[in-house]
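Undergrad: attaching a predicted model along with its sequence, questions to come.
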Amino acid sequence: MKYEIHLRRQMSRVHRTSTPRAAASAGVRLGERLRQLRIAASLTQSELAGARFSKEYVSQIERGKTRPARETIEWLAERLGVDADFLANGVTADQRGRVETALARADALTEANRETEAMAELDDVRTAVLATGLPELEVRLLSGEALARARLGEVRRAIELLNRARALTQGPGFSDVERADVLFRLGVCRFKLQSIQTAIGLLSEALTLAERSGMPCDKLRAGILDWRSRCYRRQRDFEAAREDVERALELAQGLGDARATADIYFQASLVAEREGHWVLARTYAERAKSYYEELADRTNVGRLLNNLGGLNFLLGKADEAVIFLKDAFRAALDVGNEGDAGRVVSSLAHVHLGRGEVELAEEQARQALRLLDGRVDFLDAIGSAQLILGRALVEQGRLDEAEASLAEATDSFGQLESISHRASVWVAQGDLAARRGEDRQAALLYRKAAEALQDVRF
């Protein structure tokens with residue numbers, strides 16, 4: 001044990017003077033550990049080999065020319081009086097167990113929408129992870145931190161972390177499932193930054209890797225299909241979106257995974273809504289909400305309340321819509337999610353605009369924009385609030401202000417790669433031109449919207 005402690009101190013000095021990756025590739029190889037432990041035990045290669053191996057075989061291990069079997073590692077570790085996992089990986093089984101427990105705890109916190117606590121847990125374990133020199137643990141650290149940061153709105157930082165993880169997974173020792181998981185998370189981040197085509201490419205590559213691995217990874221596959229469906233929905237390829245949702249739902253239900261099932265019912269609701277099947281969309285949303293309530297997931301319950309508010313408004317139940325949306329706003333504030341709160345206020349502004357309460361619609365659209373300021377991952381909600389504000393200003397006869405707001409909406413929606421969003425702005429700009437008496441310009445804008453999107457609802 002004293003030799004193990006001595007070597008661990010030597011490795012600690014390596015980590016303080018080099019990058020974690022350099023330490024992983026040079027400082028903690030099994031052969032180097034074996035040589036240092038043998039020397040510390042005052043044994044020659046022949047003495048360590050004993051009657052079981054030749055001196056040359058021990059030399060090959062120390063020079064990294066061969067990788068011994070697990071049985072051989074255990075035998076050598078016993079001869080040297082050290083932990084077999086320490087000889088194999090540079091970390092004892094107890095140390096690795098503590099690190100893996102901390103990483104799993106951080107993942108659970110993120111899944112429970114407690115991202116700030118997850119980040120604190122990861123910060124606490126970061127030094128221990130890097131000290132192991134194990135690439136697989138570093139990938140888990142990077143991936144876990146990336147997911148938490150993406151949910152907190154730090155999407156570009158999340159992509160940086162995932163690109164580092166992706167580079168590590170290209171090395172030996174990683175499975176296609178582990179590579180697929182990193183690509184999946186990268187695809188989600190690209191979707192959040194509105195790089196829809198890039199996201200589809202990453203998610204499709206991740207799905208191919210997962211399916212060809214032959215390993216059990218239905219939860220990962222369901223997640224990939226779920227997020228690829230969102231991409232297709234954004235591109236208005238509703239048939240592809242629906243196919244992915246149906247496949248994802250089958251996988252999630254087969255696993256008996258309540259959270260995955262809830263997530264996918266949520267997406268099924270959004271696809272049905274975009275296809276104009278509002279009653280079906282409400283049914284799916286109510287199912288998702290029930291699952292989230294069983295999971296005590298207040299964040300997603302709030303999001304479903306927002307969607308149910310919008311669906312009830314579409315179904316002509318404006319009063320019920322307002323009740324749902326106010327509950328959604330309280331839920332978002334309760335969990336400290338200003339992005340979701342801003343989305344809900346934008347939805348409320350839309351309802352009030354539809355009821356002719358234009359001054360209240362203006363007030364709430366401006367409040368939504370304040371809450372969403374700087375949140376590139378909520379660009380659709382920002383554009384919607386700008387559009388509602390512009391329409392409210394048109395109704396009040398404040399045409400120059402309306403023009404500026406609609407121009408901002410055009411810019412926001414232009415980054416979404418969504419023709420339906422842009423068409424909605426062209427229609428609003430047509431209304432503005434008509435209000436100014438510019439009938440020819442209005443007609444051109446209406447035609448532009450109609451040609452771009454034949455089934456847009458004016």
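TA: Arrived safely. Computed from a predicted structure; not experimentally measured. Residues are numbered from 1 along each chain as shown.

Undergrad: residues contacting residue 429?
TA: Applying CB atoms under 8 Å, 6 or more residues apart in numbering, we find residue 429 in contact with 403, 406, 410, 445. To be clear about C-beta, it is placed using only N, CA and C from the backbone, and glycine gets the same treatment.

Undergrad: any chance of those residues in TSV, plus distance to residue 307?
TA: Shown next, in TSV, are those (distance: CB to CB, whole Å):
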residue	distance to residue 307
403	31
406	25
410	25
445	30
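
Undergrad: in the chain, where is pLDDT below threshold?
TA: Where the chain drops to pLDDT under 70, the residues are 1-28, 89-92, 417, 453-458.

Undergrad: could I get the full set of strands for it?
TA: Counting by DSSP state E, one finds no strands in the chain.

Undergrad: which one in it is furthest away from the centre?
TA: Within the chain, the residue lying farthest from the chain centre (CA atoms, centre = their mean) is residue 51, at 54.6 Å.

Undergrad: does residue 98 touch residue 128 like I think?
TA: Yes: Residue 98 is within contact range of residue 128, at 7.3 Å (criterion: CB atoms under 8 Å).

Undergrad: more neighbours, these two?
TA: The neighbour comparison of residue 98 against residue 128 (other CB atoms under 10 Å) goes to residue 128, with 17 against 14.

Undergrad: touching, the more buried one and residue 100? I think so.
TA: No: the criterion here is CB under 8 Å, and residue 128 misses it with residue 100 at 10.5 Å.

Undergrad: burial measure for the nearest residue to residue 266 once chain neighbours are set aside, as a count.
TA: Spatial nearest neighbour of residue 266, excluding adjacent residues (CB to CB, 6 or more residues apart in numbering): residue 288 at 4.3 Å. Using other CB under 10 Å, residue 288 is surrounded by 26 other residues.

Undergrad: go on, residue 419?
TA: When counting by other CB under 10 Å, one arrives at 16 neighbours for residue 419.

Undergrad: my guess is it contacts residue 452. True?
TA: Yes: look at residue 419 against residue 452 with CB under 8 Å: they come within range, at 5.3 Å.

Undergrad: out of the contacts of residue 429, which is nearest to residue 231?
TA: Checking the contacts of residue 429 against residue 231 with CB to CB, the nearest one is residue 410 at 22.2 Å.

Undergrad: identify the residues contacting the residue nearest to residue 266.
TA: Counting by CB under 8 Å, 6+ apart, residue 288 makes contact with 262, 263, 265, 266, 269, 300, 304.

Undergrad: restricted to helices, list these.
TA: 262, 263, 265, 266, 269, 300, 304 (DSSP state H).

Undergrad: what residues are up against the residue lying closest to the second one once chain neighbours are set aside?
TA: Take residue 263 and drop its neighbours on the chain: the residue closest to it by CB to CB, 6+ apart is residue 226, 5.8 Å away. Contact analysis of residue 226 by CB under 8 Å, 6+ apart lists 244, 245, 248, 260, 263, 264, 267.

Undergrad: ok, now with 6 Å
TA: For residue 226, the contact set (CB atoms under 6 Å, 6 or more residues apart in numbering) comprises 248, 263, 264, 267.

Undergrad: distance of residue 55 from residue 104?
TA: 43 Å (CB to CB, to the nearest Å).

Undergrad: repeat that for residue 81.
TA: Separation of residue 81 from residue 104 (CB to CB) stands at 31 Å.

Undergrad: residue 143 reaches residue 165, doesn't it?
TA: Yes: at 5.3 Å, residue 143 and residue 165 qualify as touching, with contact defined as CB atoms under 6 Å.

Undergrad: now do the helices in the stretch 251-400 of the chain.
TA: Applying DSSP state H, counting those that start in this stretch to the stretch 251-400 of the chain gives helices spanning 258-274, 278-294, 298-314, 318-334, 338-354, 358-372, 379-395, 399-414.

Undergrad: adding distance to residue 29, write these out as a markdown table.
TA: Compiled in a markdown table, these are given as follows (distance: least, CB to CB, whole Å):
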| stretch | distance to residue 29 |
| --- | --- |
| helix 258-274 | 39 |
| helix 278-294 | 47 |
| helix 298-314 | 44 |
| helix 318-334 | 50 |
| helix 338-354 | 45 |
| helix 358-372 | 50 |
| helix 379-395 | 47 |
| helix 399-414 | 52 |
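
Undergrad: for these, which one sits closest to residue 63?
TA: Taking CB to CB, helix 258-274 is the member of the helices of the stretch 251-400 of the chain nearest to residue 63, at 47.6 Å.

Undergrad: quick one: residue 368 and residue 347 touch, right?
TA: No: with contact defined as CB under 6 Å, residue 368 does not count as touching residue 347 (8.6 Å).

Undergrad: quick check on residue 114: phi, psi?
TA: Phi and psi for residue 114, reported as degrees, to the nearest 10, are phi -110, psi 60.

Undergrad: neighbours around it, how many?
TA: For residue 114, the count of nearby residues is 17 (other CB under 10 Å).

Undergrad: can you give me the helices for the stretch 101-250 of the chain?
TA: Here the stretch 101-250 of the chain has its helices, by DSSP H, counting those that start in this stretch, at 115-132, 135-151, 155-169, 176-192, 196-213, 218-234, 238-255.

Undergrad: turn those helices into TSV, columns for distance to residue 42.
TA: Below are those laid out as TSV (distance: least, CB to CB, whole Å):
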stretch	distance to residue 42
helix 115-132	27
helix 135-151	33
helix 155-169	37
helix 176-192	41
helix 196-213	46
helix 218-234	50
helix 238-255	55
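
Undergrad: out of those helices, which comes closest to residue 382?
TA: Each of the helices of the stretch 101-250 of the chain has some distance to residue 382 by CB to CB; the shortest is helix 176-192, at 13.1 Å.
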